[in-house]
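Peer 1: Next comes the sequence, and after it the predicted model I'd like to discuss.
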Amino acid sequence: MSQEQKVIMIEALIIGQKILAAQPFSVLLGTQMISYGPEGVELRLALSDIIKQQHGFAHGGVLAYLADNALTFAGGFAMGGGVLTAEMKLNYTRPAVREMLVERAWVISSGRTQAVARCDIFCIKGGEEKLCVAVQGMVLRADAAGPPRASAAVA
């Protein structure tokens, strides 16, 4: 990797971390961005009691939040920003227990108005990773989504 590419990666990470820090829910949970760039994004979240459900696993909603955020960051980088998640499919492969959650997302295909991305969520303990969720989703350019419909505002 050239020095110029390293500078671009560091600048992208700083911008991504600022965006993440501007999301109150991400701040509340303590989500951290470890890497961000053309290769994708890596987010981490400590598996604390506050995000667990009654059986001691990470709550599925928290895992969906991580997937949503990572897909959008990956797609947003590929499309130059200004995107939102349009769809995602989660496959929970095992309960998320252990110490840390790590999410890695990358773009499979992108165009002018949409991108398809994949992400995997791992639970980690002592450096050992176990896949707990496999996700695929689509992000759209925010202006391509159009204005909210009246029926959507009711829901």
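Peer 2: That came in fine, so what should we check first?
Peer 1: Poorly predicted segments of this structure, please.
Peer 2: Across the chain, residues meeting the criterion (pLDDT under 70) sit at 144-155.
Peer 1: Let's see that with 50 instead.
Peer 2: 150-155 (pLDDT under 50).
Peer 1: Geometric centre of the chain: which residue is closest?
Peer 2: For the chain, the residue sitting closest to the mean C-alpha position, by C-alpha atoms, centre = their mean, is A70 at 1.4 Å.
Peer 1: element containing that residue?
Peer 2: helix 60-79 (DSSP states H and E).
Peer 1: beta partners for L43?
Peer 2: With DSSP bridges as the criterion, L43 is bridged to M33, E103.
Peer 1: That one - how many residues pack around it?
Peer 2: By the criterion of other C-beta atoms under 10 Å, L43 has 26 neighbours. All C-beta atoms are positioned from the backbone trio N, CA, C, and that covers glycine.
Peer 1: pretty sure it contacts L66?
Peer 2: Yes: contact criterion C-beta atoms under 8 Å: L43 and L66 qualify, at 6.1 Å.
Peer 1: intersection of neighbour lists for these two?
Peer 2: Listed as contacting both L43 and L66 by C-beta atoms under 8 Å, 6 or more residues apart in numbering are T31, E103.
Peer 1: Count the neighbours of F77 for me.
Peer 2: Neighbour tally, F77, other C-beta under 10 Å: 25.
Peer 1: Thought E39 was touching it, still the case?
Peer 2: No: using C-beta under 8 Å, F77 makes no contact with E39, being 9.2 Å away.
Peer 1: quick one, strands of the chain?
Peer 2: 32-37, 40-46, 83-92, 100-110, 114-125, 128-141 (DSSP state E).
Peer 1: Not including adjacent chain positions, what is the nearest residue to G82?
Peer 2: A142 (4.9 Å; C-beta to C-beta, 6 or more residues apart in numbering).
Peer 1: Might you report the residue contacts of the one you found?
Peer 2: Counted by C-beta under 8 Å, 6+ apart, A142 has contacts G82, V83, L84.
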